[in-house]
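Q: Please work out how this folds:
(2 chains)
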Amino acid sequence: MTTPEPSTAEPIPDSDLPGPYPVGAYAAQLKRRLQEFANVQLVGEVWGFRSARARVYFELRDARGALPCSMWRNEFEELGVTLSDGLRIVVGGGCDYYPGSATSSPSFSFAVTELRVAGEGDLLVQLERLRKRLAAEGLFEPQKRLHRPALPRTIGVVTGERGKARDDVLAGLRRRGWAGRVVWAFEPVQDRHAAPRIAAALRELAAIPEVEVVIVARGGGSLADLFAFCDEGLCRTVALLRVPVISSVGHHTDRTLIDDVAAVCCSTPTHAAEAAVPVDCRAARADVAAFARRLHGAGRRAVLDRARALAHYSRTPGQHVARHRTRLHQLLREMRASANRGCEQGRSRASVHVLVLGRGAERAKTSDRLRRRAELERLALALGAHDPDRTLARGYALVEDRDGSPLTSAAAARDAGDLDLRFHDGKVPARVREDGER
Amino acid sequence: MNADRSYESAVARIEQIIRRLDSGEAGLRETLDLVKEGRGLVEYCAAELEAVSAGLEELRLEELVARLEGAGRTPE
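A: This is a model prediction of the structure:
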(Lines give C-alpha, C1' and ligand atoms only; values in the text may rest on other atoms or scores of the structure.)
Protein backbone atom coordinates (compact mmCIF):
# COMPACT_ATOMS: atom_id res chain seq x y z
CA MET A 1 0.00 0.00 0.00
CA THR A 2 1.46 3.28 -1.04
CA THR A 3 1.31 6.26 1.25
CA PRO A 4 -0.82 9.05 -0.18
CA GLU A 5 0.68 12.42 -0.80
CA PRO A 6 0.10 14.72 2.19
CA SER A 7 -2.01 17.77 1.53
CA THR A 8 -0.76 21.24 1.94
CA ALA A 9 -2.89 21.74 5.04
CA GLU A 10 -1.14 22.36 8.32
CA PRO A 11 -0.93 19.26 10.56
CA ILE A 12 -2.23 19.21 14.15
CA PRO A 13 0.45 20.68 16.36
CA ASP A 14 2.32 18.22 18.57
CA SER A 15 0.75 15.22 16.83
CA ASP A 16 2.94 12.21 16.10
CA LEU A 17 0.64 10.94 13.41
CA PRO A 18 1.54 11.32 9.75
CA GLY A 19 -0.60 13.42 7.37
CA PRO A 20 -2.86 15.12 6.90
CA TYR A 21 -3.74 13.18 3.71
CA PRO A 22 -6.68 14.03 1.45
CA VAL A 23 -9.63 11.91 2.61
CA GLY A 24 -10.50 10.74 -0.89
CA ALA A 25 -7.01 9.34 -1.37
CA TYR A 26 -7.19 7.58 2.00
CA ALA A 27 -10.67 6.23 1.19
CA ALA A 28 -9.41 4.86 -2.12
CA GLN A 29 -6.57 3.12 -0.31
CA LEU A 30 -9.02 1.74 2.25
CA LYS A 31 -11.16 0.36 -0.57
CA ARG A 32 -8.14 -1.39 -2.06
CA ARG A 33 -7.10 -2.69 1.35
CA LEU A 34 -10.55 -4.06 2.12
CA GLN A 35 -10.76 -5.70 -1.26
CA GLU A 36 -7.57 -7.56 -0.38
CA PHE A 37 -9.49 -9.42 2.33
CA ALA A 38 -9.98 -13.02 1.27
CA ASN A 39 -13.31 -13.91 -0.25
CA VAL A 40 -15.19 -16.19 2.13
CA GLN A 41 -18.59 -17.69 2.89
CA LEU A 42 -20.61 -16.29 5.80
CA VAL A 43 -23.70 -17.62 7.55
CA GLY A 44 -26.31 -15.53 9.39
CA GLU A 45 -29.85 -14.21 9.30
CA VAL A 46 -31.23 -11.69 6.90
CA TRP A 47 -32.64 -8.48 8.30
CA GLY A 48 -33.87 -5.33 6.58
CA PHE A 49 -33.80 -6.52 3.00
CA ARG A 50 -34.42 -3.72 0.49
CA SER A 51 -34.10 -3.45 -3.21
CA ALA A 52 -32.61 -0.42 -5.00
CA ARG A 53 -32.28 0.28 -8.71
CA ALA A 54 -28.99 -1.50 -9.26
CA ARG A 55 -28.30 -3.43 -6.08
CA VAL A 56 -30.16 -5.13 -3.23
CA TYR A 57 -29.15 -4.49 0.37
CA PHE A 58 -29.62 -6.38 3.61
CA GLU A 59 -27.90 -7.07 6.89
CA LEU A 60 -26.52 -10.43 7.88
CA ARG A 61 -26.80 -10.94 11.62
CA ASP A 62 -26.14 -13.44 14.33
CA ALA A 63 -26.02 -13.17 18.11
CA ARG A 64 -22.49 -11.72 18.10
CA GLY A 65 -22.55 -9.20 15.30
CA ALA A 66 -23.77 -8.07 11.92
CA LEU A 67 -22.48 -7.08 8.48
CA PRO A 68 -24.11 -4.91 5.83
CA CYS A 69 -24.37 -6.81 2.56
CA SER A 70 -25.18 -5.87 -0.99
CA MET A 71 -25.57 -7.76 -4.25
CA TRP A 72 -26.13 -6.82 -7.84
CA ARG A 73 -29.85 -6.80 -8.33
CA ASN A 74 -29.83 -8.78 -11.59
CA GLU A 75 -27.67 -11.50 -10.00
CA PHE A 76 -30.00 -11.68 -6.99
CA GLU A 77 -33.13 -11.91 -9.15
CA GLU A 78 -31.58 -14.77 -11.11
CA LEU A 79 -31.48 -16.79 -7.88
CA GLY A 80 -35.31 -16.65 -7.58
CA VAL A 81 -35.30 -16.51 -3.79
CA THR A 82 -37.29 -14.25 -1.48
CA LEU A 83 -35.48 -12.95 1.57
CA SER A 84 -37.47 -12.18 4.70
CA ASP A 85 -36.38 -11.08 8.13
CA GLY A 86 -34.80 -13.83 10.13
CA LEU A 87 -34.19 -16.11 7.20
CA ARG A 88 -30.93 -17.98 7.67
CA ILE A 89 -28.69 -17.81 4.59
CA VAL A 90 -25.15 -18.54 3.48
CA VAL A 91 -23.46 -15.91 1.32
CA GLY A 92 -20.19 -15.90 -0.53
CA GLY A 93 -18.21 -12.77 -1.42
CA GLY A 94 -15.80 -10.26 -0.02
CA CYS A 95 -15.47 -6.86 1.54
CA ASP A 96 -16.09 -3.80 -0.56
CA TYR A 97 -15.98 -0.14 0.15
CA TYR A 98 -17.52 2.72 -1.78
CA PRO A 99 -15.34 5.72 -0.99
CA GLY A 100 -18.07 8.26 -1.80
CA SER A 101 -17.34 11.72 -3.16
CA ALA A 102 -17.91 15.36 -2.45
CA THR A 103 -21.62 14.80 -3.15
CA SER A 104 -22.21 11.20 -2.02
CA SER A 105 -21.74 9.29 1.23
CA PRO A 106 -19.32 6.44 1.56
CA SER A 107 -20.51 3.00 2.49
CA PHE A 108 -19.08 -0.32 3.45
CA SER A 109 -20.69 -3.61 2.49
CA PHE A 110 -19.94 -7.24 2.03
CA ALA A 111 -20.33 -7.70 -1.72
CA VAL A 112 -22.28 -10.90 -2.18
CA THR A 113 -21.63 -12.93 -5.29
CA GLU A 114 -23.21 -16.21 -4.16
CA LEU A 115 -26.20 -16.85 -1.91
CA ARG A 116 -28.27 -19.79 -0.70
CA VAL A 117 -31.04 -20.18 1.89
CA ALA A 118 -29.94 -22.15 4.99
CA GLY A 119 -33.21 -22.49 6.88
CA GLU A 120 -35.32 -20.80 9.54
CA GLY A 121 -33.57 -18.05 11.35
CA ASP A 122 -32.24 -18.58 14.83
CA LEU A 123 -33.50 -15.20 16.00
CA LEU A 124 -37.12 -16.03 15.19
CA VAL A 125 -36.71 -19.39 16.89
CA GLN A 126 -35.27 -17.65 19.94
CA LEU A 127 -38.12 -15.15 19.85
CA GLU A 128 -40.75 -17.88 19.80
CA ARG A 129 -38.98 -19.72 22.58
CA LEU A 130 -38.94 -16.55 24.70
CA ARG A 131 -42.62 -15.94 23.96
CA LYS A 132 -43.48 -19.41 25.23
CA ARG A 133 -41.36 -18.99 28.33
CA LEU A 134 -42.94 -15.64 29.25
CA ALA A 135 -46.40 -17.07 28.64
CA ALA A 136 -45.60 -20.10 30.82
CA GLU A 137 -44.51 -17.75 33.61
CA GLY A 138 -47.89 -16.03 33.37
CA LEU A 139 -46.37 -12.68 32.38
CA PHE A 140 -48.98 -12.06 29.71
CA GLU A 141 -51.71 -11.84 32.36
CA PRO A 142 -50.88 -9.17 35.02
CA GLN A 143 -51.37 -6.22 32.69
CA LYS A 144 -54.69 -7.58 31.45
CA ARG A 145 -55.96 -7.63 35.03
CA LEU A 146 -55.18 -3.96 35.70
CA HIS A 147 -58.05 -1.49 35.86
CA ARG A 148 -57.99 0.94 32.96
CA PRO A 149 -59.61 4.28 33.81
CA ALA A 150 -62.29 5.44 31.40
CA LEU A 151 -61.21 9.05 31.72
CA PRO A 152 -57.54 9.41 32.71
CA ARG A 153 -56.28 12.90 33.49
CA THR A 154 -52.62 12.14 32.78
CA ILE A 155 -51.29 9.81 30.08
CA GLY A 156 -47.65 8.81 29.65
CA VAL A 157 -46.35 8.15 26.15
CA VAL A 158 -43.07 6.46 25.27
CA THR A 159 -42.10 6.97 21.64
CA GLY A 160 -39.43 8.30 19.32
CA GLU A 161 -39.13 12.05 19.33
CA ARG A 162 -39.16 12.51 15.59
CA GLY A 163 -41.41 9.65 14.63
CA LYS A 164 -44.87 9.97 13.14
CA ALA A 165 -46.23 8.03 16.09
CA ARG A 166 -46.24 11.17 18.22
CA ASP A 167 -48.58 13.00 15.83
CA ASP A 168 -50.78 9.92 15.56
CA VAL A 169 -51.17 9.71 19.34
CA LEU A 170 -52.17 13.37 19.50
CA ALA A 171 -54.64 12.85 16.65
CA GLY A 172 -56.25 9.95 18.52
CA LEU A 173 -56.59 12.02 21.69
CA ARG A 174 -58.13 14.90 19.74
CA ARG A 175 -60.59 12.51 18.16
CA ARG A 176 -61.76 11.64 21.69
CA GLY A 177 -62.13 15.31 22.54
CA TRP A 178 -59.59 14.74 25.31
CA ALA A 179 -57.31 17.60 26.36
CA GLY A 180 -55.63 16.54 29.59
CA ARG A 181 -51.95 16.14 30.37
CA VAL A 182 -49.54 14.11 28.24
CA VAL A 183 -46.14 13.21 29.63
CA TRP A 184 -43.76 12.37 26.80
CA ALA A 185 -40.82 10.07 27.29
CA PHE A 186 -38.87 10.35 24.04
CA GLU A 187 -36.55 7.40 23.71
CA PRO A 188 -34.76 5.58 20.89
CA VAL A 189 -37.07 2.96 19.51
CA GLN A 190 -34.70 1.04 17.28
CA ASP A 191 -31.29 -0.19 18.28
CA ARG A 192 -29.61 -2.22 20.93
CA HIS A 193 -29.89 0.63 23.47
CA ALA A 194 -33.59 1.13 22.90
CA ALA A 195 -35.00 -1.63 25.12
CA PRO A 196 -33.27 -0.64 28.41
CA ARG A 197 -34.04 3.05 27.80
CA ILE A 198 -37.70 2.32 27.13
CA ALA A 199 -37.88 0.10 30.22
CA ALA A 200 -36.33 2.84 32.36
CA ALA A 201 -38.78 5.42 31.00
CA LEU A 202 -41.70 3.11 31.74
CA ARG A 203 -40.52 2.62 35.32
CA GLU A 204 -40.21 6.38 35.81
CA LEU A 205 -43.64 7.07 34.36
CA ALA A 206 -45.21 4.37 36.51
CA ALA A 207 -43.58 5.90 39.59
CA ILE A 208 -45.52 9.15 39.06
CA PRO A 209 -48.90 8.71 40.79
CA GLU A 210 -50.67 11.08 38.39
CA VAL A 211 -49.88 8.87 35.39
CA GLU A 212 -52.87 6.55 34.95
CA VAL A 213 -52.03 4.81 31.69
CA VAL A 214 -48.98 4.58 29.42
CA ILE A 215 -48.82 4.24 25.66
CA VAL A 216 -45.75 2.71 23.99
CA ALA A 217 -45.86 3.66 20.33
CA ARG A 218 -43.69 3.16 17.31
CA GLY A 219 -44.54 3.32 13.63
CA GLY A 220 -44.17 0.48 11.18
CA GLY A 221 -40.90 -1.13 10.20
CA SER A 222 -39.32 -4.47 9.58
CA LEU A 223 -39.28 -6.98 12.38
CA ALA A 224 -35.58 -6.24 12.74
CA ASP A 225 -36.40 -2.59 13.38
CA LEU A 226 -38.95 -3.62 16.01
CA PHE A 227 -36.72 -6.15 17.69
CA ALA A 228 -36.08 -3.87 20.67
CA PHE A 229 -39.71 -4.46 21.67
CA CYS A 230 -39.04 -8.19 21.96
CA ASP A 231 -36.42 -7.66 24.64
CA GLU A 232 -36.93 -9.94 27.62
CA GLY A 233 -36.01 -7.33 30.21
CA LEU A 234 -38.39 -4.79 28.70
CA CYS A 235 -41.21 -7.32 28.59
CA ARG A 236 -40.69 -8.31 32.23
CA THR A 237 -40.69 -4.62 33.22
CA VAL A 238 -43.98 -4.01 31.42
CA ALA A 239 -45.59 -7.10 32.94
CA LEU A 240 -44.90 -5.91 36.47
CA LEU A 241 -45.85 -2.21 36.09
CA ARG A 242 -48.64 -0.82 38.26
CA VAL A 243 -50.16 1.14 35.38
CA PRO A 244 -51.72 -0.41 32.29
CA VAL A 245 -49.57 -0.24 29.16
CA ILE A 246 -51.11 0.10 25.72
CA SER A 247 -48.74 -0.98 22.98
CA SER A 248 -48.75 0.02 19.37
CA VAL A 249 -45.55 -1.21 17.83
CA GLY A 250 -45.30 -1.68 14.08
CA HIS A 251 -48.34 -3.35 12.63
CA HIS A 252 -50.32 -6.40 13.52
CA THR A 253 -48.38 -8.52 11.06
CA ASP A 254 -45.28 -7.92 13.16
CA ARG A 255 -46.34 -9.07 16.59
CA THR A 256 -43.67 -8.18 19.10
CA LEU A 257 -43.44 -9.58 22.60
CA ILE A 258 -44.47 -6.29 24.21
CA ASP A 259 -47.80 -6.67 22.36
CA ASP A 260 -48.34 -9.94 24.21
CA VAL A 261 -47.36 -8.55 27.60
CA ALA A 262 -49.20 -5.21 27.42
CA ALA A 263 -52.73 -4.67 28.75
CA VAL A 264 -53.95 -3.78 25.27
CA CYS A 265 -52.30 -4.10 21.88
CA CYS A 266 -53.37 -1.75 19.09
CA SER A 267 -52.53 -1.70 15.41
CA THR A 268 -51.76 2.02 15.25
CA PRO A 269 -50.74 4.80 17.66
CA THR A 270 -54.06 6.53 16.90
CA HIS A 271 -55.98 3.50 18.08
CA ALA A 272 -53.70 3.25 21.11
CA ALA A 273 -54.63 6.82 22.08
CA GLU A 274 -58.31 6.01 21.69
CA ALA A 275 -57.87 2.90 23.82
CA ALA A 276 -56.18 5.03 26.50
CA VAL A 277 -59.30 7.24 26.67
CA PRO A 278 -62.26 4.89 26.16
CA VAL A 279 -64.74 7.71 26.77
CA ASP A 280 -65.64 10.06 23.95
CA CYS A 281 -65.45 13.28 25.94
CA ARG A 282 -67.82 15.27 23.71
CA ALA A 283 -70.53 12.62 23.91
CA ALA A 284 -69.86 12.23 27.64
CA ARG A 285 -70.47 15.95 28.25
CA ALA A 286 -73.83 15.69 26.49
CA ASP A 287 -74.66 12.57 28.51
CA VAL A 288 -73.84 14.26 31.82
CA ALA A 289 -75.98 17.28 30.89
CA ALA A 290 -78.85 14.91 30.06
CA PHE A 291 -78.36 13.11 33.39
CA ALA A 292 -78.57 16.45 35.20
CA ARG A 293 -81.81 17.37 33.40
CA ARG A 294 -83.42 14.03 34.14
CA LEU A 295 -82.48 14.15 37.81
CA HIS A 296 -83.80 17.69 38.11
CA GLY A 297 -87.03 16.69 36.41
CA ALA A 298 -87.47 13.61 38.59
CA GLY A 299 -86.96 15.58 41.82
CA ARG A 300 -89.28 18.37 40.70
CA ARG A 301 -91.96 15.94 39.58
CA ALA A 302 -91.81 13.96 42.81
CA VAL A 303 -92.39 17.07 44.93
CA LEU A 304 -94.95 18.76 42.69
CA ASP A 305 -97.08 15.65 42.20
CA ARG A 306 -97.29 15.06 45.89
CA ALA A 307 -97.91 18.74 46.65
CA ARG A 308 -100.80 18.73 44.19
CA ALA A 309 -102.27 15.64 45.77
CA LEU A 310 -101.98 17.11 49.24
CA ALA A 311 -103.59 20.38 48.16
CA HIS A 312 -106.41 18.42 46.64
CA TYR A 313 -106.93 16.42 49.82
CA SER A 314 -106.87 19.51 52.01
CA ARG A 315 -109.49 21.29 49.89
CA THR A 316 -112.04 18.56 49.56
CA PRO A 317 -113.12 16.91 52.81
CA GLY A 318 -116.44 18.95 52.74
CA GLN A 319 -116.97 17.98 49.13
CA HIS A 320 -116.36 14.37 50.02
CA VAL A 321 -118.99 14.48 52.80
CA ALA A 322 -121.53 16.23 50.57
CA ARG A 323 -120.95 13.77 47.82
CA HIS A 324 -121.41 10.85 50.16
CA ARG A 325 -124.57 12.41 51.69
CA THR A 326 -126.11 12.88 48.24
CA ARG A 327 -125.26 9.35 47.39
CA LEU A 328 -126.82 8.06 50.62
CA HIS A 329 -130.00 10.02 49.97
CA GLN A 330 -130.20 8.64 46.54
CA LEU A 331 -129.79 5.13 47.87
CA LEU A 332 -132.49 5.76 50.50
CA ARG A 333 -134.94 6.94 47.85
CA GLU A 334 -134.18 3.94 45.73
CA MET A 335 -134.73 1.65 48.71
CA ARG A 336 -138.11 3.19 49.52
CA ALA A 337 -139.27 3.05 45.96
CA SER A 338 -138.10 -0.48 45.70
CA ALA A 339 -139.93 -1.44 48.95
CA ASN A 340 -143.17 0.15 47.76
CA ARG A 341 -142.91 -1.62 44.48
CA GLY A 342 -142.35 -4.89 46.32
CA CYS A 343 -145.38 -4.44 48.63
CA GLU A 344 -147.68 -3.56 45.77
CA GLN A 345 -146.59 -6.54 43.79
CA GLY A 346 -147.02 -8.82 46.83
CA ARG A 347 -150.46 -7.49 47.54
CA SER A 348 -151.59 -7.95 43.97
CA ARG A 349 -150.17 -11.43 43.85
CA ALA A 350 -151.91 -12.34 47.18
CA SER A 351 -155.32 -11.20 45.95
CA VAL A 352 -154.93 -13.27 42.85
CA HIS A 353 -154.06 -16.24 45.01
CA VAL A 354 -157.14 -15.68 47.24
CA LEU A 355 -159.37 -15.56 44.22
CA VAL A 356 -157.87 -18.67 42.77
CA LEU A 357 -158.09 -20.50 46.07
CA GLY A 358 -161.75 -19.46 46.58
CA ARG A 359 -162.72 -20.74 43.21
CA GLY A 360 -160.89 -23.94 43.79
CA ALA A 361 -162.58 -24.45 47.16
CA GLU A 362 -166.01 -23.89 45.67
CA ARG A 363 -165.30 -26.35 42.93
CA ALA A 364 -164.07 -28.88 45.41
CA LYS A 365 -167.05 -28.44 47.74
CA THR A 366 -169.71 -29.11 45.01
CA SER A 367 -168.07 -32.07 43.52
CA ASP A 368 -167.48 -33.64 46.96
CA ARG A 369 -171.15 -33.45 47.90
CA LEU A 370 -172.27 -35.17 44.71
CA ARG A 371 -169.65 -37.80 45.08
CA ARG A 372 -170.70 -38.59 48.66
CA ARG A 373 -174.36 -38.81 47.72
CA ALA A 374 -173.64 -41.32 44.99
CA GLU A 375 -171.49 -43.29 47.40
CA LEU A 376 -174.30 -43.42 49.96
CA GLU A 377 -176.74 -44.59 47.39
CA ARG A 378 -174.33 -47.26 46.32
CA LEU A 379 -173.84 -48.35 49.93
CA ALA A 380 -177.61 -48.32 50.56
CA LEU A 381 -178.07 -50.59 47.62
CA ALA A 382 -175.36 -52.90 48.86
CA LEU A 383 -176.81 -52.91 52.34
CA GLY A 384 -180.29 -53.58 50.96
CA ALA A 385 -178.96 -56.57 49.10
CA HIS A 386 -177.74 -58.00 52.40
CA ASP A 387 -180.82 -57.12 54.46
CA PRO A 388 -182.08 -60.38 56.15
CA ASP A 389 -185.63 -59.04 56.15
CA ARG A 390 -185.63 -59.20 52.40
CA THR A 391 -184.61 -62.85 52.62
CA LEU A 392 -187.26 -63.47 55.29
CA ALA A 393 -189.78 -61.86 53.01
CA ARG A 394 -189.03 -64.45 50.38
CA GLY A 395 -190.22 -67.18 52.92
CA TYR A 396 -187.14 -67.91 54.92
CA ALA A 397 -187.18 -67.86 58.80
CA LEU A 398 -184.37 -67.01 61.20
CA VAL A 399 -183.83 -69.24 64.27
CA GLU A 400 -182.82 -67.36 67.39
CA ASP A 401 -182.42 -68.25 71.01
CA ARG A 402 -184.34 -66.45 73.69
CA ASP A 403 -181.76 -63.76 73.82
CA GLY A 404 -182.20 -63.01 70.16
CA SER A 405 -178.87 -64.54 69.07
CA PRO A 406 -179.10 -66.41 65.78
CA LEU A 407 -178.65 -70.20 65.93
CA THR A 408 -176.91 -71.46 62.88
CA SER A 409 -176.84 -75.25 63.47
CA ALA A 410 -179.16 -78.06 64.54
CA ALA A 411 -176.89 -78.83 67.45
CA ALA A 412 -177.08 -75.26 68.68
CA ALA A 413 -180.89 -75.43 68.38
CA ARG A 414 -181.02 -78.68 70.36
CA ASP A 415 -178.82 -77.19 73.03
CA ALA A 416 -180.95 -74.09 73.28
CA GLY A 417 -184.20 -75.98 73.56
CA ASP A 418 -186.44 -72.92 73.49
CA LEU A 419 -186.28 -71.01 70.26
CA ASP A 420 -187.81 -68.07 68.44
CA LEU A 421 -188.58 -68.39 64.74
CA ARG A 422 -188.37 -65.03 63.24
CA PHE A 423 -190.43 -64.34 60.09
CA HIS A 424 -190.54 -61.15 58.11
CA ASP A 425 -193.69 -60.17 59.93
CA GLY A 426 -192.84 -61.30 63.49
CA LYS A 427 -191.47 -63.94 65.86
CA VAL A 428 -193.06 -67.34 66.80
CA PRO A 429 -191.83 -69.17 69.96
CA ALA A 430 -190.85 -72.81 69.44
CA ARG A 431 -189.35 -75.72 71.37
CA VAL A 432 -187.07 -78.49 70.20
CA ARG A 433 -188.72 -81.83 70.52
CA GLU A 434 -186.70 -84.91 71.23
CA ASP A 435 -187.13 -87.90 68.92
CA GLY A 436 -188.98 -89.81 71.56
CA GLU A 437 -191.55 -87.17 71.91
CA ARG A 438 -193.09 -87.82 68.45
CA MET B 1 -65.59 12.85 47.43
CA ASN B 2 -64.85 9.20 47.77
CA ALA B 3 -61.22 8.52 46.89
CA ASP B 4 -62.16 5.23 45.21
CA ARG B 5 -64.73 6.87 42.97
CA SER B 6 -64.07 6.76 39.24
CA TYR B 7 -65.79 8.40 36.31
CA GLU B 8 -67.11 5.10 35.00
CA SER B 9 -68.44 3.97 38.40
CA ALA B 10 -70.13 7.35 38.86
CA VAL B 11 -71.81 7.11 35.45
CA ALA B 12 -72.95 3.56 36.21
CA ARG B 13 -74.47 4.69 39.53
CA ILE B 14 -76.25 7.66 37.88
CA GLU B 15 -77.79 5.33 35.30
CA GLN B 16 -78.92 3.03 38.12
CA ILE B 17 -80.48 5.97 39.97
CA ILE B 18 -82.33 7.18 36.87
CA ARG B 19 -83.69 3.68 36.23
CA ARG B 20 -85.01 3.59 39.81
CA LEU B 21 -86.60 7.02 39.50
CA ASP B 22 -88.16 6.17 36.12
CA SER B 23 -89.70 3.02 37.60
CA GLY B 24 -91.95 5.22 39.76
CA GLU B 25 -91.50 2.83 42.68
CA ALA B 26 -89.45 5.15 44.87
CA GLY B 27 -91.25 7.03 47.61
CA LEU B 28 -90.77 10.74 48.23
CA ARG B 29 -87.97 10.34 50.76
CA GLU B 30 -86.09 7.85 48.60
CA THR B 31 -86.62 10.01 45.51
CA LEU B 32 -85.18 13.06 47.20
CA ASP B 33 -82.22 11.07 48.53
CA LEU B 34 -81.54 9.57 45.08
CA VAL B 35 -81.79 12.96 43.37
CA LYS B 36 -79.37 14.41 45.90
CA GLU B 37 -76.90 11.56 45.40
CA GLY B 38 -77.30 11.79 41.61
CA ARG B 39 -76.60 15.52 41.62
CA GLY B 40 -73.39 14.94 43.54
CA LEU B 41 -72.32 12.32 41.03
CA VAL B 42 -73.19 14.54 38.07
CA GLU B 43 -71.08 17.32 39.58
CA TYR B 44 -68.22 14.86 40.01
CA CYS B 45 -68.48 13.67 36.38
CA ALA B 46 -68.70 17.23 35.11
CA ALA B 47 -65.57 18.12 37.08
CA GLU B 48 -63.72 15.10 35.68
CA LEU B 49 -64.67 16.09 32.14
CA GLU B 50 -63.73 19.68 32.83
CA ALA B 51 -60.30 18.51 33.99
CA VAL B 52 -59.59 16.98 30.58
CA SER B 53 -61.10 19.85 28.64
CA ALA B 54 -59.02 22.80 29.77
CA GLY B 55 -56.46 22.31 27.00
CA LEU B 56 -53.82 19.77 26.16
CA GLU B 57 -50.76 20.10 28.40
CA GLU B 58 -47.63 18.44 27.06
CA LEU B 59 -44.71 17.75 29.35
CA ARG B 60 -41.50 15.88 28.92
CA LEU B 61 -40.89 13.18 31.47
CA GLU B 62 -37.69 14.83 32.65
CA GLU B 63 -39.51 18.16 33.09
CA LEU B 64 -42.21 16.54 35.20
CA VAL B 65 -39.64 14.70 37.28
CA ALA B 66 -37.72 17.93 37.82
CA ARG B 67 -40.92 19.73 38.75
CA LEU B 68 -41.85 17.05 41.24
CA GLU B 69 -38.35 17.04 42.70
CA GLY B 70 -38.48 20.82 42.93
CA ALA B 71 -41.70 20.52 44.86
CA GLY B 72 -39.90 18.25 47.31
CA ARG B 73 -41.45 15.09 45.98
CA THR B 74 -39.65 12.40 44.11
CA PRO B 75 -41.35 9.68 42.12
CA GLU B 76 -41.93 6.66 44.32
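Q: Strands along the stretch 251-400 of chain A, start to end?
A: Ranges of strands within the stretch 251-400 of chain A are A:264-265, A:398-400, based on DSSP state E, counting those that start in this stretch.
Q: What is the three-state secondary structure of A:Thr408?
A: Of the three states, A:Thr408 takes coil according to DSSP: H, G, I helix; E, B strand; the rest coil.
Q: Which pLDDT value does the model give it?
A: On pLDDT, A:Thr408 comes in at 88.
Q: and the gap between it and A:Val428?
A: 18 Å (Cβ to Cβ, to the nearest Å). The way it works is simple: take the backbone N, C-alpha and C, and place the C-beta from them, glycine included.
Q: A:Ile89 is in contact with A:Ala118, correct?
A: Yes - taking Cβ atoms under 8 Å as the definition, A:Ala118 is a contact partner of A:Ile89 at 5.5 Å.
Q: Spit out the residues that contact those two alike.
A: A:Val43 (Cβ atoms under 8 Å, 6 or more residues apart in numbering or on different chains).
Q: hang on, the earlier thing: which one, of the strands of the stretch 251-400 of chain A, ends up nearest to B:Leu61?
A: strand A:264-265 (21.3 Å; Cβ to Cβ).
Q: Check which helices and strands the closest one sits against.
A: Strand A:264-265 sits against strand A:245-249, with contacts defined as 3 or more Cβ pairs under 8 Å, 6 or more residues apart in numbering or on different chains; DSSP states H and E.
Q: The strand it packs on: how far from the chain's middle?
A: From the chain centre to the centre of strand A:245-249 is a distance of 29 Å (Cα atoms, centre = their mean, to the nearest Å).
Q: Which parts of it count as buried, going by neighbours?
A: For strand A:245-249, burial by neighbour count (16 or more other Cβ atoms under 10 Å in any protein chain shown) applies to A:Val245, A:Ile246, A:Ser247, A:Ser248, A:Val249.
Q: same thing with stretch A:137-149?
A: A:Leu139, A:Phe140, A:Pro142, A:Gln143, A:Arg148, A:Pro149.
Q: Present those as TSV; the columns should include pLDDT and distance to A:Ala273.
A: Putting the buried residues of stretch A:137-149 into TSV (pLDDT from 0 to 100; distance: Cβ to Cβ, whole Å) gives the following:
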residue	pLDDT	distance to A:Ala273
A:Leu139	94	25
A:Phe140	94	23
A:Pro142	95	23
A:Gln143	95	18
A:Arg148	92	13
A:Pro149	93	14
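Q: could these go into CSV alongside distance to chain B and secondary structure?
A: Shown next, in CSV, are these (distance: Cβ to the nearest Cβ, whole Å; DSSP: H, G, I helix; E, B strand; the rest coil):
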residue, distance to chain B, secondary structure
A:Leu139, 23, coil
A:Phe140, 25, coil
A:Pro142, 19, helix
A:Gln143, 19, helix
A:Arg148, 10, coil
A:Pro149, 6, coil
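Q: Helices of the stretch 151-300 of chain A, start to end?
A: With DSSP state H, counting those that start in this stretch as the criterion, the stretch 151-300 of chain A has helices at A:164-175, A:194-207, A:232-239, A:257-261, A:269-276, A:281-315.
Q: packing partners for the fourth one?
A: The reference is to helix A:257-261. Under the contact criterion of 3+ Cβ pairs under 8 Å, 6+ apart, helix A:257-261 touches helix A:122-136, helix A:232-239, strand A:245-249.
Q: Could you pull up the mean pLDDT of that helix?
A: On average, helix A:257-261 scores 93.
Q: Contacts for it, please.
A: A:127, A:130-131, A:134-135, A:139-140, A:143, A:216, A:229-232, A:234-235, A:238-239, A:245, A:247, A:249, A:265.
Q: Show me how to select, in PyMOL, the buried members of those.
A: To isolate the buried ones among those in PyMOL, judged by 16+ other Cβ under 10 Å, type:
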select buried, chain A and resi 127+131+134+139+140+143+216+229+230+231+234+235+238+239+245+247+249+265
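Q: Give me the more crowded residue out of A:Ala118 and A:Ile89.
A: A:Ile89 (21 against 13; other Cβ atoms under 10 Å in any protein chain shown).
Q: what about the more buried one, is that helix, strand or coil?
A: Here A:Ile89 is recorded as strand under three-state DSSP.
Q: Torsion angles phi and psi at the residue nearest to A:Arg153 when sequence neighbours are not counted?
A: Once flanking residues are discounted, A:Arg153 sits nearest to A:Gly180: 4.9 Å by Cβ to Cβ, 6 or more residues apart in numbering or on different chains. Phi and psi for A:Gly180, reported as degrees, to the nearest 10, are phi -100, psi -140.
Q: neighbours around A:Gly180, how many?
A: A:Gly180, neighbours per other Cβ under 10 Å, totals 21.
Q: so who does it touch?
A: A:Pro152, A:Arg153, A:Thr154, A:Ile155, B:Ala51, B:Val52, B:Leu56, B:Glu57.
Q: Next, the buried residues of the helix or strand of chain B with the lowest mean pLDDT.
A: Sorting the helices and strands of chain B by mean pLDDT, DSSP states H and E puts helix B:61-70 at the bottom, at a mean of 85. Buried positions in helix B:61-70, judged by neighbour count with 16+ other Cβ under 10 Å: B:Leu61, B:Leu64, B:Val65, B:Leu68.
Q: Show me which of those is closest to A:Glu274.
A: Among the buried residues of helix B:61-70, and counting by Cβ to Cβ, the member closest to A:Glu274 is B:Leu61, at 22.3 Å.
Q: wouldn't the closest one be in contact with A:Leu205 here?
A: Yes - using Cβ under 8 Å, B:Leu61 is in contact with A:Leu205, at 6.4 Å.
Q: For the closest residue in space to A:Gly172 that isn't next to it in sequence, give me the pLDDT.
A: In this structure, A:Gly172 finds its nearest non-sequential neighbour in A:Ala273, 2.7 Å apart by Cβ to Cβ, 6+ apart. Listed pLDDT for A:Ala273 reads 95.
Q: what sits against A:Ala273?
A: Here A:Ala273 is in contact with A:Ile155, A:Asp168, A:Val169, A:Leu170, A:Ala171, A:Gly172, A:Leu173, A:Arg175, A:Arg176, A:Ile215 (criterion: Cβ under 8 Å, 6+ apart).
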